[in-house]
Every structure is written in structure tokens, then in C-alpha cells.
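Trainee: Just to be clear, the model below is a prediction. Sequence and coordinates:
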Amino acid sequence: MNSLMPTPIGRGFRELRRHLSARKVARIIYGPTTRSHPLRFVRSPQMRNKYVLIAVLVGVPLGWLAGAIIAEDDGFVYGTVTGIATGFVTGTIASGYVAWRDRAWVKWGAKVRARYQAEGVIHHGQARLGYSVGVDVVLVLFRAWHLLGRGTDGWLVLTKQRVVFQPRGIGRTPVELDVADLAGARRGDSVIPNTIALKMHGSGSIEIRVQKRDEWLDKLASLPSVTVVR
């Protein structure tokens with residue numbers, strides 16, 4: 001009979017799960033999800049999967065490490081509880097920070113887009129002009145924007161008249177290309193995914209890393225003067 005009784009640790013985990021369910025944690029970090037919210041794509045299931053993955057990648061190793069160290073001195077049970085708590089807290093902080101950064105990017109991008117609304121915005125989104133493999137890997141893992149420099153990170157806007165890359169930062173000058181000077185577009189040559197190459201009339205070209213490359217190529221193909229090569 002006693003073997004079927006819930007242990008104090010088991011009761012504690014059930015209480016924690018009841019008060020901090022996945023839905024409640026998501027609501028605390030990301031806020032309520034509504035179709036009319038301007039940041040709804042940040043709160044989409046795909047983006048939440050990204051935040052959960054970040055929480056797991058950060059929380060599991062740190063939780064395991066903390067639990068192993070504590071277990072050496074204070075025993076297996078206390079080490080396990082400490083490890084789980086450490087993993088949950090660190091994973092939540094990391095995921096919440098990335099979610100906050102994504103929100104900040106979207107809000108800033110909306111302001112950039114508004115400047116060119118009169119020209120007829122065809123497409124827009126976060127992009128990077130100039131990068132290296134090492135920087136990209138570190139940014140994905142740690143989001144160390146302040147250490148590695150974010151001068152080449154910005155917002156790309158495609159209008160009926162021009163392509164504008166606005167770097168993020170105070171006093172940074174946007175890079176602008178007239179649609180009339182744009183000869184074609186294709187997939188980029190970089191090993192880093194989601195890059196597009198914009199070719200100007202003559203021999204000049206520029207590579208930009210974007211999100212959802214195929215969508216960008218489709219939008220560029222809608223311009224009569226631009227030839228898109230898949």
C-alpha cells in the first residue's frame with residue numbers, strides 16, 4: 001500500500017507541473033496569442049518550436065552539469081532536483097531572451113517598412129549583409145550581438161522602385177538599389193543557407209542572407225525587369 005503512495009518529490013513535480021504548464025509558461029514568456037496581433041508570426045507554432053528548442057539546448061546541458069556537481073556533495077535526490085530546477089530556469093531565460101529579441105526586431109522592422117509604404121512595399125524581412133560562418137554559428141547558439149557586431153544585420157525592404165537594406169544601429173546609412181539597376185536574382189553561392197544574390201546591370205552583384213529565401217525569389221520574380229534563376 002505504501003509503495004503506491006506518491007513520494008514527496010513526485011507530489012512536488014506534479015504541483016510544479018500544475019502551476020507551470022507548458023501553456024502557462026508560453027503565455028508568461030510570449031503573451032497571449034491572437035490573430036489580430038501585429039506580432040502574431042513571432043508567436044506562431046513554428047516560432048514557439050524554435051524557442052522550445054533553444055530552451056532544451058541551453059537548459060538540458062546546464063541542468064545536467066549542475067545536478068552532477070551538486071549530487072557529488074549532497075546526494076542523488078537533491079542533485080536531481082537542483083539539476084531540473086537549474087535547467088528549467090536557464091532554459092526559460094535563454095528562450096525568453098531570444099523571444100524578446102525577435103519582438104524587438106519585428107517592431108523595428110515595422111518602422112523601417114513604414115518609411116517606404118508610399119512606394120508600394122512588395123516584401124520585407126530581417127536580413128544580413130556580410131557575414132562569416134563562424135559568426136553565424138555563434139549568433140545562432142548564443143545571440144551574442146553585442147560581442148560580434150550587428151552592423152551588418154538589418155531589415156531588407158523590396159518596393160516597386162528599389163531594394164533597401166537598412167542596417168540596425170544609430171546613424172547607419174541604408175544601402176539602396178534601384179529596381180531599374182537590378183538585372184536578376186538567384187540563390188547565393190554561400191554555404192550558409194538562405195542567401196540570395198542580386199545581380200546589377202554590368203558585373204556587380206551582392207549577396208544577402210534572408211529568411212525564407214524562396215519567398216524572396218518569388219517576390220523578386222514579380223518585378224518585370226528582374227530575371228530570377230532558381
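Mentor: That came through fine. Fair warning: this is a prediction, and the values are worked out from it, not measured in the lab.
Trainee: Without its sequence neighbours, what residue ends up closest to residue 64?
Mentor: Of all residues not flanking residue 64 in the chain, residue 83 sits nearest, at 6.0 Å (Cβ to Cβ, 6 or more residues apart in numbering). For every residue, glycine as well, the C-beta is placed using N, CA and C.
Trainee: Check what pLDDT the one you found gets.
Mentor: On the pLDDT scale, residue 83 is placed at 92.
Trainee: three-state assignment of it?
Mentor: helix (DSSP: H, G, I helix; E, B strand; the rest coil).
Trainee: Show me what the strand or helix carrying residue 125 is packed against.
Mentor: Element membership of residue 125 [criterion: DSSP states H and E] is strand 121-128. On a contact count with 3 or more Cβ pairs under 8 Å, 6 or more residues apart in numbering; DSSP states H and E, strand 121-128 meets helix 76-115, strand 153-159, strand 205-210, helix 213-221.
Trainee: Now do it, average pLDDT.
Mentor: 91.
Trainee: Pull it out as CSV, backbone CA atoms only.
Mentor: What follows is strand 121-128, C-alpha atoms only, in CSV (Å, rounded to 0.1, in the frame of the first residue of the first chain):
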residue,chain,number,x,y,z
VAL,A,121,6.1,47.5,-50.4
ILE,A,122,6.3,44.1,-52.1
HIS,A,123,8.2,42.2,-49.4
HIS,A,124,10.3,42.8,-46.3
GLY,A,125,12.1,41.0,-43.6
GLN,A,126,15.2,40.6,-41.4
ALA,A,127,18.4,40.1,-43.4
ARG,A,128,22.2,40.2,-43.1
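Trainee: Might one say that residue 161 is in contact with residue 118?
Mentor: No: in this structure residue 161 lies outside contact range of residue 118 using Cβ atoms under 8 Å: 9.8 Å.
Trainee: More neighbours: these two, which one.
Mentor: residue 161 (14 against 9; other Cβ atoms under 10 Å).
Trainee: what's the nearest residue to the more buried one if we skip its chain neighbours?
Mentor: Leaving aside its sequence neighbours, residue 161 sits nearest to residue 119 (Cβ to Cβ, 6+ apart; 4.9 Å).
Trainee: The one you found: neighbour count?
Mentor: Applying other Cβ under 10 Å, we find 15 residues neighbouring residue 119.
Trainee: what is the orientation angle of the strand holding residue 125 with strand 153-159?
Mentor: 160 degrees (axes from the mean of the first three to the mean of the last three Cα atoms, to 10 degrees).
Trainee: check contacts around residue 52.
Mentor: residue 95 (Cβ atoms under 8 Å, 6 or more residues apart in numbering).
Trainee: Distance of it relative to residue 87?
Mentor: Distance, residue 52 to residue 87, using Cβ to Cβ, to the nearest Å: 13 Å.
Trainee: what's the burial count for the residue nearest to residue 64?
Mentor: Neighbour count for residue 83, taken as other Cβ under 10 Å: 22.
Trainee: Equivalent analysis for residue 156, please.
Mentor: So residue 156, with other Cβ under 10 Å, has 24 neighbours.
Trainee: can you pull the contacts of it?
Mentor: Going by Cβ under 8 Å, 6+ apart, residue 156 touches 124, 125, 126, 127, 163, 164, 165, 166, 208, 210.
Trainee: I'd guessed the fourth one sits against residue 210; true?
Mentor: Yes: at 4.8 Å, residue 127 and residue 210 qualify as touching, with contact defined as Cβ under 8 Å.
Trainee: Cool, thanks, talk later.
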